[in-house]
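> just a sequence and a predicted model for now, questions to come.
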Amino acid sequence: MGRYIIRRVFGFIPVLFAVALFTFILVRVIPGGPFDYAGEKALPPQVVANIEAKYHLDWPVTWQFVSYLFGDDVVEFLSAGKYQQPADGGSKGLIRGDFGPSLRYRGQSVTDIIKGTFPISFQLGLLAMIIGLSIGVPAGIIAALKQNSWLDYTATFIAVLGVSVPSMVLGPVLIWLFAVKLGWLPVATWGAKPPFILGLFPRDILSWKFWSHAIMPAIAMGTGMSASIARLTRASLLQVIREDYIRTARAKGLSERTVIAIHALKNSMIPVVTIMGPLFAAVVTGSLIIEQIFGINGMGRHFVQSVGNRDYPLLMGVTLVYTFLLLIANLMVDLTYAWLDPRIRYD
């Protein structure tokens, strides 16, 4: 198991490199530049040239990529001084933990933006995941065990309704009902204090102020997720409980609760766990729609805004963070397979 994990971790390197390379090239193929302000007076060409020189955008693309990965000092060394690093040292490079400066948010580095927004998106995504699993898995189990009963039909109807109603509709409805009409909850923003546990969880996680801001966006994200999980759990469990080994367990005299909880449920969770990996990486990096609706300054907003702003370093940074989380989530899914099914070995 340990060697398998080490191999997978080292396998992250070429994947991250490939994503960085293709993203670096694609964002520069998009028409327009980071200093073309739509709807505003165009900057004089000389001013644009000076700004591009400051951020090394006048360098050849190859040297820009080398600078992004390894730093300006490496470029100066490899180019024999043709392309020199600025007096302040310039970029240290991705391998030294420097995502570079933001081209749109002057005076801020991409690292600072990610540090400030990722914990918020992580908190929102984690709460949505908890809601999705807490509702979806029990609903799917009940619907499978009570097949063709009113419980099955009710759970299926709610699941279809949850999938059919997108978060962009559910979010405003929740705001209208609980914030505008009833006045129970705040309309928008994320009212958490700075994170302190692993730099991710808020200091006031047990306070009403945190939950009053978090509950509506978490429900808006988690409801559709729970519906998909419920449908998948129901279909998978219905397939498993018809297997021969389930009939054998019942023939041995085991209680129905033991048969379902020990023998059927673990194997039926494999398809659910499969979708949880990419789903977890997606929700913890934030949902653009939910963050826009509730005015949450999360990483999801910057992910799309960086494309419109042509903010190359910010787009690169957010994309690489999402890729890394996706790789970690898929690794955790593969390891979970071995726990759910003893026949799976990674030795």
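Yep, it's here.

> just checking, A159 touches R231?
Yes. The criterion here is Cβ atoms under 8 Å, and A159 meets it with R231 at 4.9 Å. In this view, the C-beta of every residue, glycine as well, is placed from N, C-alpha and C.

> more neighbours, those two?
More crowded of A159 and R231, by other Cβ atoms under 10 Å: A159, with 25 against 20.

> show me what contacts that one?
A139, A143, A227, S228, A230, R231, R234 (Cβ atoms under 8 Å, 6 or more residues apart in numbering).

> redo that, cut-off 6 Å
Contact partners of A159, counting by Cβ atoms under 6 Å, 6 or more residues apart in numbering, are A227, A230, R231.

> same check on M225?
G132.

> number the residues from 859 up from this point.
Got it, first residue is 859 now, which makes that one M1083.

> what's the distance between it and W1048?
Applying Cβ to Cβ, to the nearest Å, the value for M1083 to W1048 is 19 Å.

> kindly report the same for D956.
Using Cβ to Cβ, one gets 27 Å for the distance from D956 to W1048.

> do the same with Q943
38 Å.

> between the two, which has more neighbouring residues?
More crowded of Q943 and W1048, by other Cβ under 10 Å: W1048, with 21 against 18.

> show me where the stretch 859-1008 of the chain has its helices.
860-887, 903-912, 919-928, 930-936, 968-1003, 1008-1022 (DSSP state H, counting those that start in this stretch).

> let's see stretch 1101-1115 as CSV, backbone CA atoms only.
What follows is stretch 1101-1115, C-alpha atoms only, in CSV (Å, rounded to 0.1, in the frame of the first residue of the first chain):
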residue,chain,number,x,y,z
GLU,A,1101,-26.4,-11.1,-5.6
ASP,A,1102,-25.8,-14.7,-4.5
TYR,A,1103,-23.6,-13.9,-1.5
ILE,A,1104,-26.5,-11.8,0.0
ARG,A,1105,-28.8,-14.7,-0.3
THR,A,1106,-26.2,-16.9,1.3
ALA,A,1107,-25.8,-14.5,4.2
ARG,A,1108,-29.6,-14.5,4.7
ALA,A,1109,-29.6,-18.3,4.5
LYS,A,1110,-27.0,-18.5,7.4
GLY,A,1111,-29.6,-16.8,9.6
LEU,A,1112,-28.0,-13.4,9.8
SER,A,1113,-30.3,-10.5,10.7
GLU,A,1114,-31.5,-8.3,7.9
ARG,A,1115,-29.7,-5.3,9.5
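
> so which bits of that stretch are buried?
Using 16 or more other Cβ atoms under 10 Å as the test for burial, stretch 1101-1115 gives I1104, A1107.

> roughly how far is it from the heart of the chain?
40 Å (Cα atoms, centre = their mean, to the nearest Å).

> who touches it?
V1117, H1121, A1122.

> neighbours of the closest residue to L879 other than its chain neighbours, how many?
Nearest residue to L879, sequence neighbours excluded (Cβ to Cβ, 6 or more residues apart in numbering): F923, at 7.1 Å. The tally of other residues near F923 (other Cβ under 10 Å) stands at 17.

> per-residue pLDDT of F923, please?
At F923, the model reports a pLDDT of 91.

> and if you look at S1145?
Reading off the model, S1145 has pLDDT 75.

> surely it is in contact with G1158?
Yes. Assessed by Cβ atoms under 6 Å, S1145 is found in contact with G1158 at 5.3 Å.

> before we move on, the earlier item: and the residue nearest to L879, how far is that from M1174?
F923 is 10 Å from M1174, by Cβ to Cβ.

> likewise I1016?
41 Å.

> G958 now?
8 Å.

> which is the next helix or strand following the helix or strand of the chain with the lowest mean pLDDT?
For the chain, using mean pLDDT, DSSP states H and E, the weakest element among its helices and strands is strand 1053-1055, scoring a mean of 69. Proceeding N to C from strand 1053-1055, the next assigned helix or strand is strand 1059-1060, under DSSP states H and E.

> relative to helix 1008-1022, how tilted is whichever helix or strand comes after that next one?
Using DSSP H and E, the helix or strand that follows strand 1059-1060 towards the C-terminus is helix 1066-1098. Angle of helix 1066-1098 versus helix 1008-1022, following axes from the mean of the first three to the mean of the last three Cα atoms, to 10 degrees, is 120 degrees.

> how far away from the center of its chain is helix 1066-1098?
16 Å.

> where among the helices of the stretch 859-1008 of the chain is the average confidence lowest?
Mean pLDDT across the helices of the stretch 859-1008 of the chain is lowest at helix 903-912; the value there is a mean of 80.

> hmm, who's touching it?
For helix 903-912, contacts defined as Cβ under 6 Å, 6+ apart pick out F893, D916.

> and that helix, how far from the chain's centre?
The answer for helix 903-912 is 35 Å, by Cα atoms, centre = their mean.

> for that helix, which positions count as buried?
V906, I909, E910.

> gap between the first one and G890?
So the one you mean is V906. Taken as Cβ to Cβ, the span from V906 to G890 is 12 Å.

> try I1063
42 Å.

> more neighbours, the two?
Between I1063 and G890, counting by other Cβ under 10 Å, I1063 is the more crowded of the two (15 against 10).
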